[in-house]
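[1] sequence and predicted structure are below.
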Number of protein chains: 2
Amino acid sequence: MDLAGARDARMDWRGGAIFRPVRTGNTFEETVERLLEAIKLGVLAYGDRLPPERELAGRLNVSRETLREAIRSLQLAGCVESRRGRYGGTFVTYRLPPPDPGDLRRAVQDMGAGLEDALTYRMVLETGAAEQAARRPLTEEQRAYLRERLADLENAAPEEYRQLDSRFHLAIAELTGSHSLAAGIAESRMRLNDLLNAIPMLERNIDHASEQHRTMVDTILAGDAEGARRCTEEHLEATAALLRGFLG
Amino acid sequence: MDLAGARDARMDWRGGAIFRPVRTGNTFEETVERLLEAIKLGVLAYGDRLPPERELAGRLNVSRETLREAIRSLQLAGCVESRRGRYGGTFVTYRLPPPDPGDLRRAVQDMGAGLEDALTYRMVLETGAAEQAARRPLTEEQRAYLRERLADLENAAPEEYRQLDSRFHLAIAELTGSHSLAAGIAESRMRLNDLLNAIPMLERNIDHASEQHRTMVDTILAGDAEGARRCTEEHLEATAALLRGFLG
DNA sequence: CGTCAATGGTCCGGTTTCAGTCCATTGACC
DNA sequence: GGTCAATGGACTGAAACCGGACCATTGACG
């Protein structure tokens, strides 16, 4: 067993990914994060009801007590409201705050090296998802679902554009049928979310993005895997470049 | 707030990815899993020493007590041995069990729908990683590192081929510099690992795989992103097809 | 031959998390 | 107007987990 010394000299950038944290916070914190994910990514829109506590606790594999603690902190933050009784429940009251360019520079900078990581992670996952979605035989229901998400996005009021955009991109991930892929995309978008929200939306940018969205849907529905990948890449590259610009 | 009813009818396949478990097991179990990941994927080879408990507990963000419990269970399973004193430590004693084709059919079948998920997840991550690696400007050290992993693999004895293969693929992920990407690849490989290990290695298959590995390295080092993606895809598609064959 | 720094081994008090139970409230429906 | 099923709210004892301190062992090195 004398190989030891020879190998663990490099241990730093080797074990880097493998010895990553098993827990990034306590259960309570991660539960709050997960609920915010659903809300901020637009899976739960304003006014939507969360699943009942007992069921949700089961899905998240967390005790009801802990889940309730998480919900309570969202109540304090004004993100949700709860009502008792049958036909009661917990309802989303979160509204996206208006973009503040001042935030952006700060947020980008204290994200530091994590930004490059998040950007390439996202690029890989989303271009891959688009390609896989295009390759799959989609049911008519799925096709309709994708077109619906696109329509929602095109009719969006400015203040809900961001969430519907996330929702649209998540929909593509769901079409692949790969749970893990969708989860990864949700996670990566969540990491970039504060940054993206801080970018002011110009009319011109929205028009350009919308055109790319339409192309993505067209290529996916046409089964054009290569095309879907390419235009998704182009689409993501635009915002990535914008964010990188603030690193200077 | 009457939108509620209209939306949560579809909640099943919508919240599917977003309401995934916050915890897949207790801390102890996930810690064991993480250590096995390092061992089974060949990041820690036979005879290697684990980082000291205090440091490792810190990296995994787990209490030393819990980490020690995990290590104890690996000791019972015969995967590691510990020695006290300065220059002591915990050392890997795990040897890959010989492949058993009988296991394969069983393992594939009770993985069920999870198999398709894991396979497309892997495909997206690894082809993406290869492409990104090819795009990056690599340092001479990184280029050497990649070539080393390839050389290790080509000189591998049959019983260590699997681990060095994982090690090689992980090396490509590391070249992208994206922590999350490497973590995802490690995770997906871990899910498929038992299946892959159960496949008997034929001389002919190894030769073919080796040629593909060389092509992957060549294209990456040459900065040929398209080529790297294509040959990685081809490489992965081979084993994927083989596994799918057992689903019948 | 003794020192001592680094490592695994042990223990304990405090906190978080869990599973289960029971209570309180509400509104659709009879 | 009363019923009652579904929902949030509250409590409790047990288990898991943490963090920190202290002990035991080892071998390189002076």
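    The structure has been received and is ready for your questions.
[2] any residue of stretch A:46-61 touching DNA strand D?
    Yes: counting by C-beta under 7 Å from any atom of the strand, DNA strand D is contacted by stretch A:46-61 at A:50, A:52-54. Backbone N, C-alpha and C define where each C-beta goes, glycine included.
[3] show me how the record splits chain A into domains.
    What automatic domain parsing lists as the domains of chain A is A:3-92, A:101-247.
[4] any idea which of the ones you listed scores lowest on pLDDT?
    Comparing mean pLDDT across the domains of chain A, the weakest is domain A:3-92, with a mean of 88.
[5] now do residue A:173 against DNA strand C, distance only.
    Going from residue A:173 to DNA strand C by C-beta to the nearest atom of the strand, to the nearest Å gives 27 Å.
[6] can you check residue A:19 too?
    According to C-beta to the nearest atom of the strand, residue A:19 and DNA strand C sit 14 Å apart.
[7] quick check, the helix or strand containing residue A:220 touching chain B?
    In this structure, residue A:220 sits in helix A:203-221 according to DSSP states H and E. No: using C-beta under 8 Å from any C-beta of the partner chain, helix A:203-221 never reaches chain B; the gap is at least 14.7 Å.
[8] enumerate the positions of that helix that are buried.
    A:206, A:209-210, A:212-213, A:215-217, A:219-221 (16 or more other C-beta atoms under 10 Å in any protein chain shown).
[9] swap in stretch A:68-86?
    Buried-residue list, stretch A:68-86, by 16+ other C-beta under 10 Å: A:68, A:70-71, A:73-74, A:79-80.
[10] inside helices: which ones of those residues?
    A:68, A:70-71, A:73-74 (DSSP state H).
[11] dump the residue contacts of residue A:54.
    residue A:64 (C-beta atoms under 8 Å, 6 or more residues apart in numbering or on different chains).
[12] secondary structure added to the residues of stretch A:46-61 next to DNA strand D, as JSON lines?
    What follows is the residues of stretch A:46-61 next to DNA strand D, written out as JSON lines (DSSP: H, G, I helix; E, B strand; the rest coil):
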{"residue": "A:50", "secondary structure": "coil"}
{"residue": "A:52", "secondary structure": "coil"}
{"residue": "A:53", "secondary structure": "helix"}
{"residue": "A:54", "secondary structure": "helix"}
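[13] now residue A:170, what's its secondary structure?
    Applying three-state DSSP: residue A:170 is helix.
[14] touching, it and residue A:43? I think so.
    Yes: judged on C-beta atoms under 8 Å, residue A:170 makes contact with residue A:43 at a distance of 6.9 Å.
[15] show me the two of the buried residues of stretch A:68-86 that sit farthest apart.
    Distance extremes for the buried residues of stretch A:68-86: the farthest pair is A:68 and A:79 at 14.6 Å, using C-beta to C-beta.
[16] picking that back up, out of the residues of stretch A:46-61 next to DNA strand D, who has the most neighbours?
    Neighbour counts for the residues of stretch A:46-61 next to DNA strand D (other C-beta atoms under 10 Å in any protein chain shown) peak at residue A:50, which has 25 neighbours.
[17] which non-adjacent residue is nearest that residue?
    Counting by C-beta to C-beta, 6 or more residues apart in numbering or on different chains, the nearest residue to residue A:50 once its immediate chain neighbours are dropped is residue A:90, at 4.5 Å.
[18] my read: that neighbour touches residue A:84, true?
    No: using C-beta under 8 Å, residue A:90 makes no contact with residue A:84, being 10.3 Å away.
[19] hang on, the earlier thing: ok, then the element right after the helix or strand harbouring the residue nearest to residue A:50?
    Assigning secondary structure by DSSP H and E places residue A:90 in strand A:89-92. Downstream of strand A:89-92, the first helix or strand assigned by DSSP H and E is helix A:101-111.
[20] list the contacts of that following helix.
    Against helix A:101-111 from outside (C-beta under 8 Å, 6+ apart): A:115, A:118, A:194-195, A:198-200, A:243, A:246-247.
[21] now, of those, which are buried?
    A:115, A:118, A:195, A:198-199, A:243, A:246.
[22] ok, the biggest helix by length in chain A near chain B or not?
    Criterion DSSP H: the longest helix present in chain A is helix A:113-135. Yes: against chain B, helix A:113-135 shows contacts by C-beta under 8 Å from any C-beta at A:116-118, A:120-121, A:123-125, A:127-129, A:131-132.
[23] now do whatever helix or strand comes next after that helix: distance to the chain's middle.
    Where DSSP H and E defines the elements, the next helix or strand beyond helix A:113-135 is helix A:140-154. Centroid separation for helix A:140-154 versus its chain: 18 Å, with C-alpha atoms, centre = their mean, to the nearest Å.
[24] what does helix A:140-154 rub up against?
    So helix A:140-154 is in contact with A:138, A:161, A:164-165, A:167-168, A:171-172, A:175, A:210, A:213-214, A:217, A:220-221, going by C-beta under 8 Å, 6+ apart.
[25] show me which of those is closest to residue B:18.
    residue A:167 (10.6 Å).
[26] buried stuff in the one helix or strand residue A:180 maps to?
    Using DSSP H and E, residue A:180 maps to helix A:179-198. In terms of neighbour count (16+ other C-beta under 10 Å), helix A:179-198 has its buried residues at A:179-193, A:195-198.
[27] for that helix, packing partners?
    helix A:27-40, helix A:101-111, helix A:113-135, helix A:161-175, helix A:225-245, helix B:113-135, helix B:179-198 (3 or more C-beta pairs under 8 Å, 6 or more residues apart in numbering or on different chains; DSSP states H and E).
[28] which residues sit against the fourth one?
    Contacts with helix A:161-175, where a contact means C-beta under 8 Å, 6+ apart, come from A:40-43, A:45, A:96, A:125-126, A:129-130, A:133, A:136, A:138, A:142, A:145-146, A:149-150, A:152-153, A:156, A:181-182, A:185-186, A:189, A:193, A:196-197, A:201, A:206, A:209, A:213, A:216, A:220, B:13-14, B:16-17.
[29] coming back round to it: columns distance to DNA strand D on top of the contacts of helix A:101-111, output as TSV?
    TSV is the format used below for those (distance: C-beta to the nearest atom of the strand, whole Å):
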residue	distance to DNA strand D
A:115	27
A:118	25
A:194	26
A:195	29
A:198	32
A:199	34
A:200	36
A:243	33
A:246	34
A:247	32
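[30] and the two most separated of those?
    Across these (C-beta to C-beta), the longest gap, 20.7 Å, separates A:118 and A:200.
[31] ok, the closest residue in space to residue A:80 that isn't next to it in sequence - contacts?
    Excluding the flanking residues, the one nearest residue A:80 by C-beta to C-beta, 6+ apart is residue A:74, at 4.7 Å. By C-beta under 8 Å, 6+ apart, the residues touching residue A:74 are A:32, A:35-36, A:80.
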